[in-house]
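Engineer: structural data only, the sequence is not supplied:
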């Protein structure tokens, strides 16, 4: 069975501050991990994904995430928040690299304060 | 990137009526489409997986007679909520994957049943 827990349904940061969105997963098989972003009135967009290999994954818009097996975590970070980063962020886990059969977290709404 | 479009984005209907939601892949052929349901402050829950030209595979607990899914072409899948009731009110999201295996999401459709 697979599941994802996102700690914090709402996160607020000041513009220019570090963004840290937490994600912990549970999986009985080697996981494939994903972060998606959803802007208002738009579909989910893939930010980054971990399949195999390097545990530090870089994505679009300056985001990155690190797969830590020992902590069963895949936290999303960005060094400096921009106003345009305000959105809903979803962490997801799959047993398939192609993102089929995704199990999503409940999402974290990021607010960026000017 | 590839675009997946859902229509309508919002729909309000009376209890007992049926509602159809369309999911179209605009610039690629979607061999597989997925339908999700999202409750407020909850995860996206996978409802069913459909492959073009074959019957959809429903997740456990999803009533296939209630949520009719058709994937008649490589660019269109439809979800029909039959005899809708207020508890069917939700945000429905589709996603599609093609030859590359990457998943693209629609904008979502908010159903309100009065």
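Structural biologist: Cool, got the structure. Model, not experiment: these values are computed from the prediction.
Engineer: identify each buried residue in stretch B:71-88, please.
Structural biologist: B:71, B:74, B:75, B:76, B:77, B:78, B:79, B:81, B:84, B:88 (16 or more other Cβ atoms under 10 Å in any protein chain shown). To be clear about C-beta, it is placed using only N, CA and C from the backbone, and glycine gets the same treatment.
Engineer: which other residues reach it?
Structural biologist: The set of residues that contact stretch B:71-88 without belonging to it, under Cβ atoms under 8 Å, 6 or more residues apart in numbering or on different chains, is B:13, B:15-26, B:29-31, B:33, B:35, B:47, B:50-54, B:56, B:65-70, B:92, B:94, B:96, B:111, B:113-114.
Engineer: residue contacts, the residue most central in space within chain B?
Structural biologist: Among the residues of chain B, the smallest C-alpha distance to the mean C-alpha position (Cα atoms, centre = their mean) belongs to residue B:35, namely 3.9 Å. Applying Cβ under 8 Å, 6+ apart, we find residue B:35 in contact with B:23, B:46-48, B:50, B:56, B:67, B:69, B:77, B:79, B:92-94.
Engineer: swap the cut-off to 6 Å and go again
Structural biologist: Applying Cβ atoms under 6 Å, 6 or more residues apart in numbering or on different chains, we find residue B:35 in contact with B:47, B:48, B:79, B:94.
Engineer: and residue A:12, by the same measure?
Structural biologist: A:111, A:113.
Engineer: how much space between it and residue A:19?
Structural biologist: In this structure, residue A:12 and residue A:19 are 10 Å apart, going by Cβ to Cβ, to the nearest Å.
Engineer: picking up where we left off before, helices - which of the contacts of residue B:35 land there?
Structural biologist: When those are checked against helices (DSSP state H), there are no matches.
Engineer: turn those into JSON lines, including pLDDT and distance to residue A:61.
Structural biologist: As requested, these are arranged in JSON lines below (pLDDT from 0 to 100; distance: Cβ to Cβ, whole Å):
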{"residue": "B:47", "pLDDT": "93", "distance to residue A:61": "30"}
{"residue": "B:48", "pLDDT": "93", "distance to residue A:61": "31"}
{"residue": "B:79", "pLDDT": "97", "distance to residue A:61": "31"}
{"residue": "B:94", "pLDDT": "95", "distance to residue A:61": "24"}
